[in-house]
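[1] Build me a model:
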Amino acid sequence: MQLAKNIWLSREKTIGRKVQELFLSQALESCYSKDEILELYLNVVEFGPNQYGIGNGSIHWFHKGPGELDPVESFWLASILPRPSKTPPPDKQSLDRISSLMKKYWPKKASMIYRTML
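    Model (predicted):
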């Protein structure tokens, strides 16, 4: 639903817009796979002040492209999506917190990810 709203609809909060959002979302889901919808979303969502798309967002916050981000940086970018324009720049403390949450909630995956990065 977020993708449909971001691409085609205004930000007004009305029942009519919600109904349009529902139908557009169903149309998207009938035409695209979940991975394709996620890719589309990541290329249009705001990642900071006038920074639309994961490419612009990763360069804005980390001065590198999306493919160069480490897992902690990627999780940090995902964490700012509710309010990217109000988010302060990442610092050591915020990145350390994300790293500890990754290790706490996804210990096997986090260790596997870090091993592949070495």
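
[2] contacting residues for the residue nearest to residue 51 when sequence neighbours are not counted?
    In this structure, residue 51 finds its nearest non-sequential neighbour in residue 60, 4.5 Å apart by Cβ to Cβ, 6 or more residues apart in numbering. (Each C-beta comes from the backbone N, C-alpha and C, glycine too.) Shown in contact with residue 60 (Cβ atoms under 8 Å, 6 or more residues apart in numbering): 47, 48, 51.

[3] nearest spatial neighbour of the first one, skipping sequence neighbours?
    Spatial nearest neighbour of residue 47, excluding adjacent residues (Cβ to Cβ, 6+ apart): residue 57 at 2.5 Å.

[4] Report the contact partners of the one you found.
    47, 48, 51, 77, 84.

[5] Reformat these into a markdown table and put secondary structure, distance to residue 15 and neighbour count next to each item.
    Supplementary listing: the contacts of residue 57 in a markdown table, determined by DSSP: H, G, I helix; E, B strand; the rest coil; distance: Cβ to Cβ, whole Å; neighbours: other Cβ atoms under 10 Å:
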| residue | secondary structure | distance to residue 15 | neighbour count |
| --- | --- | --- | --- |
| 47 | coil | 30 | 24 |
| 48 | coil | 31 | 18 |
| 51 | coil | 31 | 18 |
| 77 | helix | 33 | 24 |
| 84 | helix | 27 | 19 |
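
[6] Could you identify the most distant pair in these?
    The distance between the two most remote of the contacts of residue 57 (Cβ to Cβ) is 10.5 Å, for 51 and 77.

[7] buried stuff in the helix or strand containing the residue nearest to residue 51?
    In this assignment (DSSP states H and E), residue 60 forms part of helix 54-62. Using 16 or more other Cβ atoms under 10 Å as the test for burial, helix 54-62 gives 54, 56, 57, 58, 59, 60, 61, 62.

[8] Do a quick rundown of the helices in this protein.
    Under the criterion DSSP state H, the chain contains helices at 2-8, 15-31, 34-42, 54-62, 71-79, 92-105, 107-117.

[9] what's the weakest-modelled helix or strand in the chain?
    The helix or strand of the chain with the lowest confidence, counting by mean pLDDT, DSSP states H and E, is helix 107-117 at a mean of 56.
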